[in-house]
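*Asks:* Return a 3D structure for these sequence lines:
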Amino acid sequence: MLKIHQIFILKFLLLFASTLLIISVISYIALKSIVVEHNKNHLKHAIELMEIELENIGDLDAYALKVYEKTSLRATIIAEDGVVVAESNADKAQMDNHASRIEVMESNSQDYGSVIRYSNTVKADYLNVVKKIAHKEGQIYIRLSMSLAQIMDDFYSLWIKLFFIFMGILVVAAFVSKNMSQRIVYDITQLRNYLDEVSSKNYKAVVKTKYFYEFLQISLLLKNLVKKLSKNEKKKAKHMAKLRLINKQKNDILSAISHEFKNPVAAIMGYAQTIQEDSDMPKSVRDKFLSKISSNGEKISKMLDRLTLSVKLENGDLAINKSEFDLKQLCHEVASNLALKYKERDIRVVADEQLIFTDKTMLELALINLVDNALKYSKSDVIIELKDKKVSVLDSGIGIREEHLKSIAEKFYRVDKNRWDNSMGIGLAMVTYVLKLLDSSLEISSEFGKGSSFGFSVEKMSKS
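*Replies:* As a prediction, this is how the structure comes out:
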């Protein structure tokens with residue numbers, strides 16, 4: 001199958017050659033007519049010169065021969081009655097009467113008579129031009145004739161020159177078409193290479209067409225299309241990343257639920273099975289086992305509630321209800337509530353009064369989770385400090401290794417031998433979501449073996 005540039009060059013050359021052929025035929029016919037007309041005018045001028053000299057010429061035969069010798073033109077002088085009185089190329093005695101010749105009859109009504117005719121006398125085609133003039137011996141006809149072969153020789157000589165000119169033009173046209181073809185191939189190659197790059201998802205590829213406006217337009221359209229493809233690819237990548245994250249979260253949730261629910265569910269099944277198998281079990285033991293079943297069921301319920309709350313926080317499904325309150329008082333309330341759960345631990349509040357305007361319930365949830373974590377993973381006192389519009393929860397526990405600091409607040413993240421939240425690893429993640437909703441962020445600093453600090457700024461929540 002031919003390529004586009006090959007089709008172009010073939011059609012171009014075919015069109016050009018066809019046009020040249022038609023022009024050649026037309027020019028052949030036209031030139032032939034022009035050459036004949038030119039020679040006819042030449043004969044007329046020659047007759048006019050003879051007319052001037054004939055007044056002084058006595059021997060017409062000698063004069064006719066002289067004209068032929070000087071000009072190579074056949075000269076014939078005819079009397080008014082058609083009898084040939086002088087002839088340069090033949091025996092006039094053997095020539096027919098010329099009164100009925102077409103050119104002679106035309107000269108009677110026109111200035112000149114002319115005809116192309118085969119001469120039986122000299123056995124050749126001749127262009128004949130005749131003029132009737134007045135002579136001292138009466139009216140005579142001067143006829144000059146030129147061999148058609150001689151005319152055609154001049155014509156063919158001119159035509160051969162034109163033919164070579166036409167062939168030169170054809171060669172130039174072939175060269176030009178080849179050059180154009182190479183330029184087309186260059187632009188098409190640029191477009192093809194660009195499309196190959198794009199198909200390999202190289203959206204930063206460059207296309208440089210430089211010869212044809214149409215290919216430039218195509219390249220611009222392709223660039224716009226590639227920009228759209230690139231944007232769609234980025235959107236697709238983001239969407240796929242989001243889907244992978246969602247799938248990971250689902251897997252993490254299932255893994256966390258499976259892991260965290262295993263112990264309470266096992267306990268519930270164990271106590272229930274024991275009650276079922278021992279019908280003579282004392283009432284006190286039965287009540288104790290039933291209490292354990294209830295306690296583990298409540299634990300599962302709280303885990304599910306925390307998981308649900310975490311998902312809502314992450315998706316931004318909770319509305320913020322802002323109000324004005326004293327942050328120092330809230331810190332004392334959190335300390336008092338957790339003191340009931342951890343009766344053997346001391347929770348100290350070091351704070352000045354600080355009025356803030358934000359969602360109290362949300363902020364309380366964040367504080368409870370931070371203090372609860374500090375109490376679980378340290379054996380010393382826990383301090384809630386409010387200083388310079390920043391809340392910090394300080395402990396002297398085992399601390400966090402540096403490699404875990406960046407990931408400790410991620411959902412379901414667990415530190416080996418040091419789980420910072422025994423409720424499926426979502427406590428600090430919940431704090432992060434809450435603080436983000438309240439226009440703040442969680443700040444963590446820790447030194448392994450010495451303790452940790454979890455804090456956040458309330459500057460944007462403050463009234464003063």
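
*Asks:* Could you use CA atoms for every contact and neighbour count after this?
*Replies:* Fine.

*Asks:* out of everything not next to it in sequence, what's closest to A75?
*Replies:* Excluding the flanking residues, the one nearest A75 by C-alpha to C-alpha, 6 or more residues apart in numbering is L144, at 4.7 Å.

*Asks:* so which helix or strand takes in the one you found?
*Replies:* Using DSSP states H and E, L144 sits in strand 138-147.

*Asks:* So which bits of that strand are buried?
*Replies:* For strand 138-147, a neighbour-count test (16 or more other C-alpha atoms under 10 Å) marks I140, Y141, I142, R143, L144, S145, M146, S147 as buried.

*Asks:* Make JSON lines out of those and add distance to V393 and pLDDT.
*Replies:* Shown next, in JSON lines, are these (distance: C-alpha to C-alpha, whole Å; pLDDT from 0 to 100):
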{"residue": "I140", "distance to V393": "144", "pLDDT": "91"}
{"residue": "Y141", "distance to V393": "141", "pLDDT": "92"}
{"residue": "I142", "distance to V393": "138", "pLDDT": "93"}
{"residue": "R143", "distance to V393": "136", "pLDDT": "93"}
{"residue": "L144", "distance to V393": "134", "pLDDT": "93"}
{"residue": "S145", "distance to V393": "132", "pLDDT": "90"}
{"residue": "M146", "distance to V393": "129", "pLDDT": "86"}
{"residue": "S147", "distance to V393": "128", "pLDDT": "81"}
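
*Asks:* from the residues you listed, which two are the most distant?
*Replies:* Pairwise distances across these (C-alpha to C-alpha) peak at 22.8 Å, for the pair I140 and S147.

*Asks:* Out of the buried residues of strand 138-147, which is nearest to L225?
*Replies:* Proximity of the buried residues of strand 138-147 to L225 (C-alpha to C-alpha) peaks at S147, which lies at 74.8 Å.

*Asks:* and the residue nearest to A75, what does it touch?
*Replies:* By C-alpha atoms under 8 Å, 6 or more residues apart in numbering, the contact list for L144 reads L43, I47, L73, R74, A75, T76, N128, V129, V130.

*Asks:* between these, which is nearest V198?
*Replies:* If you rank these by distance to V198 using C-alpha to C-alpha, L43 comes first, at 77.5 Å.

*Asks:* Model confidence for the closest one, exactly?
*Replies:* On the pLDDT scale, L43 is placed at 91.

*Asks:* can you tell me which helix or strand it belongs to?
*Replies:* L43 is located in helix 4-53, with elements delineated by DSSP H and E.

*Asks:* next one: N89
*Replies:* Using DSSP H and E, N89 falls within no helix or strand.

*Asks:* Which positions are bridged to the residue nearest to it when sequence neighbours are not counted in the beta structure?
*Replies:* The shortest distance from N89 to any non-neighbouring residue, by C-alpha to C-alpha, 6+ apart, is to R74 (6.3 Å). Judged by DSSP bridges, the bridge partners of R74 are S145.

*Asks:* what about the stretch 201-350 of the chain, any weak spots by pLDDT?
*Replies:* Scanning the stretch 201-350 of the chain for pLDDT under 70 picks out 249-250, 252-261, 263, 299, 302-303, 305-318.

*Asks:* And the helices in it?
*Replies:* 213-277, 283-315, 327-341 (DSSP state H, counting those that start in this stretch).
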